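structure for the following, please:
(2 chains)
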There are 2 protein chains.
Amino acid sequence: MQLYDFPAPTPRRIRMFLAEKGVEIPRVCVDIAKGEQFRPAFRAINPSCTVPALMLDNGTVLSEVPAIWHYLEATYSKPTLLGGNPEETALILMWERRMEFDGYFAAAEAFRNSVPAFACRALTGPHEYDQIEAVAARGRARMLNFYADLDARLATVEFVAGAAFTAADITAIVSVDFAQNAVGISVPERCENVLRWHERVAQRPSYQA
Amino acid sequence: MQLYDFPAPTPRRIRMFLAEKGVEIPRVCVDIAKGEQFRPAFRAINPSCTVPALMLDNGTVLSEVPAIWHYLEATYSKPTLLGGNPEETALILMWERRMEFDGYFAAAEAFRNSVPAFACRALTGPHEYDQIEAVAARGRARMLNFYADLDARLATVEFVAGAAFTAADITAIVSVDFAQNAVGISVPERCENVLRWHERVAQRPSYQA
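Here you go, the predicted structure:
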C-alpha cells in the first residue's frame, strides 16, 4: 500500500486515522500547491485529481476519505474508529458526515472561493469552476452555525459520536483547524464545549499527523 | 424500524435500496413541501431536519443516506449493494460518493438555488441560507460535466462501480432523474452509454420506488 499525500486538510484526515491505528505506510507527496494533481502522471492514478488516494498492493486505487477509511479499518481493525457493530458504525457515519457537510464543506467553500491561488478551482476535481464571492460569505456563516451546533452537541457527550473518540472527531477537528488556519474563522469564546473538546483531542499524538 | 420518508430524491435512495433487498418497512410521511421537517415534532426525531431518517426499534434515529444504508446492509445482507469484501466495498463507497458529489450535489444546487419554494433554503438542514443565482448556474454546468464523465465511465463497465448493480447506481440514477425532472437538465443524446445504462436500470422493479 502507498498513500498519495500532501500537508493539507483532506489528506490529514487519513494521516490522523493511521496515527490512531499506530500504522505507518509509505507516502508519496503530490504537491497540490504546484498543481501536481492535475498532471498526467497523477491523473493516470486518480482521474478525479484529488488527494488523498490510496494505492493497494494489487494496483487498485481508492480515493475519497470515507472509502479509504473503510479499507484501512478493515485492514487494521484495532483500535476501532468506525464502530464495533452496525448501529455504532451507522451513528459514527452519520455524525462524521454531518461534521463534513456542516463543517468541512463550510470551511472549504469559504477558503476556495476567496483565495487567489484557487481562482477557477472553487470545487475539487478535474473541472474548473469560478470562485463565487457570495459562496465564500456563505461558508463563513455556515462555519459559525457549525460551531454553535457542535457546541450544543458536545454539551452532552465527550466526543462527537458519543463516549469514544472516532472518525467523526477527526473530521470535526480537521474542519475547525482548516477554518481557523486557512480562513481565520476561530471558535468563538462562548463555545466552551468545543474549546474544551479541541484542547483534549489536540493532546492525542495523532493530532500532529 | 420505521422510515421517515417523502416522495423526493434523497429518500428515494433509501426506497430503491430497500426495494433491491426485497424488504418493506413501515414508513411515516414527513411532508417536506409543507415544511414538516422543521416542526418541533420532527425536530425531536431528527434535529438536522432532514428526510430520510430511520428509527430503530430501540429508538435510535439514523439520518444521512450512507449511514442508513450501512445499517440496512448489515441487517438485510442479500443481495449485497455495498460489496462483499473490504476492497469491493471501498470501491463502491468511492464511486457512490463521486456520483453524489458530482451528480447529486450538482442537481441539488441547480434546484435549490433557483426554485422560489426554496428561498432561504439553499442548503439542507435547520439553518437558512439565501439562494445564489451563480450557484444555480454552476450546478447546471456541473451536471453537464457529470454526464460526460459518467458516459466515459460507462463506456468500459456495465454499472457505475463495475460489473454489478450497487448503491453507486442508485445515487447515479436518482441524480439523473432529479436533474431531468426538477431542473430540466436532460442527458445529452451524445451520452449514449449513460442513456443505455439508464434504460437498463430503469427496468429494475426498484426504479419505481
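
can you pull out the strands in chain A?
Under the criterion DSSP state E, strands of chain A are mapped to A:2-5, A:27-29, A:53-55, A:61-63.

winner for burial among the ones you listed?
Most buried of the strands of chain A, by mean neighbour count (mean count of other Cβ atoms under 10 Å in any protein chain shown): strand A:53-55, with a mean of 23. Any C-beta I mention is one placed from the backbone N, CA and C, and that applies to glycine too.

packing partners for that one?
When contacts are defined as 3 or more Cβ pairs under 8 Å, 6 or more residues apart in numbering or on different chains; DSSP states H and E, strand A:53-55 packs onto strand A:2-5, strand A:61-63, helix A:65-75.

nearest to residue A:41 among those would be which one?
strand A:2-5 (10.8 Å; Cβ to Cβ).

strands paired with that closest one, and their directions?
With DSSP bridges as the test, strand A:2-5 is paired with strand A:27-29 (parallel), strand A:53-55 (antiparallel).

quick one: mean pLDDT for stretch A:130-137?
Confidence for stretch A:130-137, expressed as mean pLDDT, is 97.

please save the CA atoms from that stretch in PDB.
Only the C-alpha atoms of stretch A:130-137 are listed here, as PDB (Å, rounded to 0.1, in the frame of the first residue of the first chain):
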ATOM      1  CA  ASP A 130     -15.100  30.100 -10.900                       C
ATOM      2  CA  GLN A 131     -15.000  31.500  -7.400                       C
ATOM      3  CA  ILE A 132     -18.200  33.000  -6.200                       C
ATOM      4  CA  GLU A 133     -17.900  35.700  -3.600                       C
ATOM      5  CA  ALA A 134     -21.300  35.000  -2.100                       C
ATOM      6  CA  VAL A 135     -20.300  31.400  -1.500                       C
ATOM      7  CA  ALA A 136     -17.200  32.500   0.400                       C
ATOM      8  CA  ALA A 137     -19.500  34.600   2.600                       C
END
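
most remote residue from chain A's center?
Here chain A reaches farthest from its C-alpha mean at residue A:58, the gap being 26.1 Å by Cα atoms, centre = their mean.

look up how far chain B lies from it.
Per Cβ to the nearest Cβ, to the nearest Å, residue A:58 is found 8 Å from chain B.

so how far is residue B:86 from that residue?
As judged by Cβ to Cβ, to the nearest Å, residue A:58 and residue B:86 stand 12 Å apart.

picking that back up, could you export the strands of chain A to CSV, including columns for mean pLDDT?
Shown next, in CSV, are those (pLDDT from 0 to 100):
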stretch, mean pLDDT
strand A:2-5, 98
strand A:27-29, 98
strand A:53-55, 98
strand A:61-63, 98
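
minimum distance to residue A:197: which of those has it?
Taking Cβ to Cβ, strand A:2-5 is the member of the strands of chain A nearest to residue A:197, at 26.3 Å.

can I get the CA coordinates of that closest one in CSV?
The C-alpha trace of strand A:2-5 is given here as CSV (Å, rounded to 0.1, in the frame of the first residue of the first chain):
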residue,chain,number,x,y,z
GLN,A,2,1.0,3.6,-0.5
LEU,A,3,-0.7,6.8,0.3
TYR,A,4,-0.7,9.8,-2.1
ASP,A,5,-0.5,12.6,0.4
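
regarding chain A, what is its longest helix?
Counting residues, the longest helix in chain A under DSSP state H turns out to be helix A:133-153.

do that helix and chain B meet?
Yes. Counting by Cβ under 8 Å from any Cβ of the partner chain, chain B is contacted by helix A:133-153 at A:134, A:135, A:138, A:141, A:142, A:145.

report the contact partners of the residue farthest from the centre of chain A.
By Cβ atoms under 8 Å, 6 or more residues apart in numbering or on different chains, the contact set of residue A:58 is empty.

can you report how many residues lie near the nearest residue to residue A:73 once chain neighbours are set aside?
Excluding the flanking residues, the one nearest residue A:73 by Cβ to Cβ, 6 or more residues apart in numbering or on different chains is residue A:82, at 4.7 Å. Residue A:82 is flanked by 22 other residues according to other Cβ atoms under 10 Å in any protein chain shown.

tell me the domain ranges of chain A?
With domains defined by automatic domain parsing, chain A comprises A:2-75, A:86-208.

need those domains in TSV (columns: distance to residue B:14).
TSV is the format used below for these (distance: least, Cβ to Cβ, whole Å):
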stretch	distance to residue B:14
domain A:2-75	18
domain A:86-208	13
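
how about stretch A:81-90: buried residues?
Residues of stretch A:81-90 classed as buried: A:81, A:82, A:83, A:87, A:88, A:89, A:90 (neighbour count, 16 or more other Cβ atoms under 10 Å in any protein chain shown).

closest one of those to chain B?
Each of the buried residues of stretch A:81-90 was scored against chain B by Cβ to the nearest Cβ, and residue A:90 proved nearest at 4.0 Å.

how about that closest one, what does it touch?
Residue A:90 neighbours (Cβ under 8 Å, 6+ apart): A:83, B:62, B:67, B:68, B:70, B:71.
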